[in-house]
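Colleague: Compute the structure for the input listed below.
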Amino acid sequence: MHNETSYILLFVILLSSLFAYTNGFQDGSTVAASIIGSRTLSPKYAVILISIFEFAGALLGGSAVASTVKSIARFPNSPEVLAWLACGMTAAIGWNFLTKQLGFPSSSTHAMVGGLLGAIVAAGAGTDLIIWGEYRHFVDATGLAKVFVSLFLSPLVGFTAGYLLFKLTMLLLLKASTRVNRWLKLAQLPALAFVSFGHGANDTQKVMGVVVLALSSSGLHLPEIPPWVRVLTAISMILGIISLAPRIVRKVGSNIFRLRPIHGFVTQAAAAAVLIYASATGGPVSASQVISSAVMGVGTAERHKGVHWLVAKEMLIAWFVTIPGAALASAVIYFLLFSTFTKIL
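Modeller: Sure thing, here's the model as predicted:
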């Protein structure tokens, strides 16, 4: 490996770690929103609990999602791919910082996928290297089709799960006294643990997939994700979670719908089921989308007019513009700056 290639490889790994950090404050704030919004835990203790199980998810969550990320295109075993990855991750990082400032819980996964696709097209590879895949059913989709199916169906699944689970919970608690709120608060703790594990398993693997692609492009072929990649990604994610974005926490935890303990518990339980299932089947979903949609589903199940649909509309707009926005940013970055990488490589 040439010295220049080694430096760029290190740069891509650092960018991937920074992206994991931005994912932490973006999606991690959404993970924490319901338990903070329902006033069950303070931000300090919510962060501690989330961080523990996010780390566990990164270490024990498998590699199915990472494999899906690597399968969106036919990445050649060439150092030139490092330039594509650098552009894509830079665009995704910029997008996450922008949406943090705006207070939008947009999808880090959308940003990363858009960034990678934009870099591939800008590099002159066109769409020939993109593996469009095919859709047979949710689990059996392949290539980019699996990414899009996972990203765009998961909010609908999250909304439906939140709606139905809230209706079922209310039916079971029909004759319960107000003392049940104490137990619902306690029930939020294991529910939050499962959400955090699912988010850690799903979102860290996306970054791991990029790092493994970078290592492979540099001539270091690895049969599985190295432990140091898992630990590095997990630590980066946790540092981001510690840097909670208060505007995102407020938007998801109280601005969409005023959450009480029962809403927080149902939201977390519904989101946990979707995230853990997606991680097991290799679907790269967005935790912010799933959780926000579950809040909307819970709010709709109790009182449709209680949901602030203008806030929901703003979030939906942010979700749908993220992929094209990040792709365009990545292409501009490539043309303005990173095209020089190919000359070095």
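
Colleague: OK, contacts around Ala269?
Modeller: Ala269 makes contacts with Leu165, Ala191, Phe194, as judged by Cβ atoms under 8 Å, 6 or more residues apart in numbering. All C-beta spots, glycine's among them, are computed from the backbone N, C-alpha and C.

Colleague: Which secondary structure state is assigned to it?
Modeller: Here Ala269 is recorded as helix under DSSP: H, G, I helix; E, B strand; the rest coil.

Colleague: Mind pulling up the pLDDT for it?
Modeller: On pLDDT, Ala269 comes in at 92.

Colleague: okay, the closest residue to Phe11 other than its chain neighbours: pLDDT?
Modeller: Closest residue to Phe11 apart from its sequence neighbours, by Cβ to Cβ, 6 or more residues apart in numbering: Ala86 at 6.3 Å. pLDDT recorded at Ala86 is 91.

Colleague: what's the helix or strand for Ala86?
Modeller: Here Ala86 sits within helix 80-102, counting by DSSP states H and E.

Colleague: What is whichever helix or strand comes after that helix packed up against?
Modeller: Of the helices and strands lying after helix 80-102 in sequence (DSSP H and E), the nearest is helix 108-120. Secondary-structure packing of helix 108-120 (3 or more Cβ pairs under 8 Å, 6 or more residues apart in numbering; DSSP states H and E): helix 3-37, helix 80-102, helix 143-172, helix 180-217, helix 309-333.

Colleague: Might one say that the residue nearest to Phe11 is in contact with Ile8?
Modeller: Yes - in this structure Ala86 lies within contact range of Ile8 using Cβ atoms under 8 Å: 6.9 Å.

Colleague: neighbour count winner among the two?
Modeller: Comparing Ala86 with Ile8 by other Cβ atoms under 10 Å, the one with more neighbours is Ala86, at 26 against 23.

Colleague: who's in contact with Ile323?
Modeller: Ile323 touches His110, Ala111, Val113, Gly114, Leu117, counting by Cβ under 8 Å, 6+ apart.

Colleague: Let's see if you can find the most crowded of these.
Modeller: For those, the largest number of neighbours (other Cβ under 10 Å) sits with Ala111, at 32 neighbours.

Colleague: Switch the contacts of Ala269 over to JSON lines, and while doing so, append pLDDT and distance to Ile48 to every line.
Modeller: As requested, these are arranged in JSON lines below (pLDDT from 0 to 100; distance: Cβ to Cβ, whole Å):
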{"residue": "Leu165", "pLDDT": "94", "distance to Ile48": "26"}
{"residue": "Ala191", "pLDDT": "90", "distance to Ile48": "16"}
{"residue": "Phe194", "pLDDT": "92", "distance to Ile48": "16"}
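
Colleague: Name the nearest of those residues relative to Leu244.
Modeller: Proximity of the contacts of Ala269 to Leu244 (Cβ to Cβ) peaks at Ala191, which lies at 18.9 Å.
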